[in-house]
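A.B. asks: for reference, the sequence and a predicted model appear below.
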Amino acid sequence: MSRKRDYVYEQIINAPRTETALATFHLIDTLQAWHERRGVQINAAVILAVLMCEHLKVDLQDALTAAKNLINTHDARLATEFEAIRMYLREEVK
């Protein structure tokens, strides 16, 4: 694995929850412009992940695993920062 890719993997694994949650809120805010097109919202979010991983030469499955680990606490509960996002989605994204 190249040094650049190692660096990106290190950043994925050690991403700070609070910053990542804030970035997620920003993405949700942008995607709400297509509130009547749920398929567009979901595809846009997933395609961004696919293309970012491809561009940075990161295995998509590795990125998804790291994201799942980030959103959960050590006792397999949703971290507070991401519980806030879940609540926001439930209450605001209809």
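C.D. replies: Arrived safely.

A.B. asks: list the contacts of stretch 14-31.
C.D. replies: 41, 44-45, 48, 66, 70, 79, 81-82, 84-85, 88-89, 93 (CB atoms under 8 Å, 6 or more residues apart in numbering). Yep, even glycine has a C-beta here, placed from its N, CA and C like the rest.

A.B. asks: pull out the buried members of the residues you listed.
C.D. replies: With burial judged by 16 or more other CB atoms under 10 Å, the buried subset of the contacts of stretch 14-31 is Q41, A66, L70, A79, E81, F82, I85.

A.B. asks: got the contact list for the first one?
C.D. replies: Contacts were defined as CB under 8 Å, 6+ apart; by that measure Q41 touches L31, W34, H35.

A.B. asks: by neighbours, which of these wins?
C.D. replies: Using other CB atoms under 10 Å as the neighbour test, the contacts of Q41 are led by L31, with 18 neighbours.

A.B. asks: helix or strand for it, which one?
C.D. replies: According to DSSP states H and E, L31 maps onto helix 17-31.

A.B. asks: just the buried residues of that helix, please?
C.D. replies: Using 16+ other CB under 10 Å as the test for burial, helix 17-31 gives T20, A21, T24, I28, L31.

A.B. asks: in the longest helix anywhere in the chain, what counts as buried?
C.D. replies: Secondary structure of the chain per DSSP state H: the longest helix is helix 38-56. Along helix 38-56, these residues count as buried under the neighbour rule (16+ other CB under 10 Å): Q41, C53.
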